[in-house]
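Asks: Please find the sequence and the predicted model below.
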Amino acid sequence: MEFLLISLLVVLSLFLRWVISTFPYSGMNTGPMFGDYEAQRHWQEITINLPASQWYKNSSDNDLLYWGLDYPPLTAYHSWLVGSVGFMLNQSWVELHGSRGVESYHHKLFMRYSVLVSDLLVYIPSCLLYSNSFSHKVSWHTLLSLLLYPGLVIIDHGHFQYNSVSLGFFILAVAFLDRNRILLGSIAFCLALNYKQMELYHAFPFFVYILGYYFNQKTSYAKRLLGVACVGIAVIGTFLVCWAPFSHSPDDVLAVIHRLFPFSRGLFEDKVSNFWCSSNVVFKIKTIFTQSTIVSLCLFTTLLSILPSSVKLLTHPSMINFKYALVISSLGFFLFSYQVHEKTILVPVVSSLLIVDQEPFMVALFSITSIFSMLPLLIKDGLLLAYVATTTALAFVLFALYGSNLNNLTKKLLTAATGLGVTILTICAVAVRPPERFPDLWPVLVSLFSCAHFILYYLYFNYQMIIGHSQHKLKSQ
């Protein structure tokens, strides 16, 4: 019976992905740059036709100003693999220079299927493994949340990206650590990090938890050091394998690193719902400080934001503290780090889905707010109907599952305020023309509203990890 229910849930998740894939995508019919769909296709073109040493370097055959590859090597290998299949089906899809902006029906079908296959091979199996990590029993709420979270589905299968690959490796890593398979967990996380550099948002909790795990064991210091050394060897070995094609010269490595951390792009792009973009409404940070000062400021505030949870995790390296730290760290990076995109909110939200059993109310609000924070992007991509339909369905499902948790005035007020704000701002963004003096009024208000919620969630999860659980334990004794 359990197998049948899991199978039905997987089929439902695939059906949702298929439905969303029928909507428009980023940059559809909008040359000359098109959008993320073209970026992913262009990377296939570059990796198929050029040697690896040229993938991240500007040349006459690889104009980095036209969607230059800016993710780690594992993304490039994935692009090469998908492009190789595409080449066998139709060479014109990845023809060097001649394939820019291709939007034929069969190519769209091929690209959509490539995301679906990636989910089937990486993300969905990782979710299934993780949901069975708790004493080998299925956590239905967790599995439901991970497979049907609309934000990830809309961005990957609507807007068009492959976030599910890096997030799938991340979930797989947590599942391995949950089963005390530290080496396998370390390798899986390295794969996530080598697919997308945004997995740095999770790096501190992984490092601190593994360090605390070994040094809090009741064994000899030699065995503890040996365990840490083995993890180090596994991590270095994984990186060496992933970066092998670029290890022939320091210039090749530096070319990749330069593309991964493009400080020249500025503090933020568009109206992202983080601290810097929101505060820039009043304090024009970009004009007040130099770029080097802004980089230093972002580094300092980001590290400061993850310090309390890191200290707690190091001294109390339990699995539940580790999961809270993942949420806190990724939220801290999203709010305070340099060069953040609106879609990056997927990283902390998926992290929070891992503790939905412990924090159903806050995770539910976080999920809805995260989708809303991407509203300007979704409207631009023609995904408004998908956003409204999935968010409304999510709200009904969450109320059915967790409505009984609304047992105090604070939760009721927060739910009402969030729901009302999301509804009003969505209607205004779609149907109300902003004043001529403030043409970006609705995107700015969406950003401010979402950022205020994200800061609230950040503070709440810190409290729960550092103080809340300790108080619960004392009451139960």
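Replies: Done, it's in. Keep in mind that this is a model prediction, so the values were computed, not measured. Numbering: from 1, shown residues only.
Asks: for the stretch 101-250 of the chain, what spans make up the helices?
Replies: Ranges of helices in the stretch 101-250 of the chain, per DSSP state H, counting those that start in this stretch, are 105-118, 124-131, 140-148, 150-154, 163-178, 182-193, 203-215, 221-243, 250-260.
Asks: Can you tell me which of those helices is nearest to residue 451?
Replies: Residue 451 lies closest to helix 150-154 among the helices of the stretch 101-250 of the chain, at 16.3 Å (C-beta to C-beta). (Each C-beta comes from the backbone N, C-alpha and C, glycine too.)
Asks: Using PDB, write down the CA coordinates of that closest one.
Replies: C-alpha atoms of helix 150-154 as PDB (Å, rounded to 0.1, in the frame of the first residue of the first chain):
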ATOM      1  CA  PRO A 150       5.400  25.000  -6.900                       C
ATOM      2  CA  GLY A 151       8.400  27.500  -6.800                       C
ATOM      3  CA  LEU A 152      10.900  24.900  -7.900                       C
ATOM      4  CA  VAL A 153       8.500  23.300 -10.500                       C
ATOM      5  CA  ILE A 154       7.600  26.700 -12.000                       C
END
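Asks: counting contacts, what elements does it pack onto?
Replies: helix 2-20, helix 163-178, helix 346-353, helix 360-373, helix 384-402 (3 or more C-beta pairs under 8 Å, 6 or more residues apart in numbering; DSSP states H and E).
Asks: Go again with 10 Å.
Replies: Judged by 3 or more C-beta pairs under 10 Å, 6 or more residues apart in numbering; DSSP states H and E, the packing partners of helix 150-154 are helix 2-20, helix 163-178, helix 346-353, helix 360-373, helix 375-380, helix 384-402.
Asks: if you average pLDDT over it, what comes out?
Replies: Helix 150-154 shows a mean pLDDT of 97.
Asks: where's the closest residue to residue 378 other than its chain neighbours relative to residue 370, distance?
Replies: Sequence neighbours aside, residue 387 is the residue nearest to residue 378 in space, at 4.7 Å (criterion: C-beta to C-beta, 6 or more residues apart in numbering). Look at residue 387 and residue 370: by C-beta to C-beta, to the nearest Å, they are 12 Å apart.
Asks: Mind checking which of the two has more residues around it?
Replies: Higher neighbour count among residue 387 and residue 370: residue 370, with 26 against 23, using other C-beta atoms under 10 Å.
Asks: Next, the contact list for the more buried one, please.
Replies: 149-152, 273, 334, 342, 345-346, 348-350, 352, 450, 453-454, 457 (C-beta atoms under 10 Å, 6 or more residues apart in numbering).
Asks: Which of the helices of the stretch 101-250 of the chain sits closest to residue 50?
Replies: Using C-beta to C-beta, the nearest of the helices of the stretch 101-250 of the chain to residue 50 is helix 250-260, at 12.7 Å.
Asks: which outside residues touch the helix or strand following that closest one?
Replies: Next along the chain after helix 250-260, taking DSSP states H and E as the criterion, comes helix 275-279. With C-beta under 10 Å, 6+ apart as the test, helix 275-279 has contacts from 267-272, 283, 285-286, 294, 297-298, 301, 305, 332, 334-340, 342, 444, 447-452, 454-455, 458.
Asks: Does residue 388 touch residue 429 like I think?
Replies: No. Counting by C-beta atoms under 10 Å, residue 388 does not reach residue 429; the two are 11.5 Å apart.
Asks: Mutual contacts of the two, please.
Replies: 375, 378.
Asks: The two - which one has more neighbours?
Replies: When neighbours are counted by other C-beta under 10 Å, residue 429 comes out ahead of the other of residue 388 and residue 429, with 20 against 14.
Asks: All set now, cheers.
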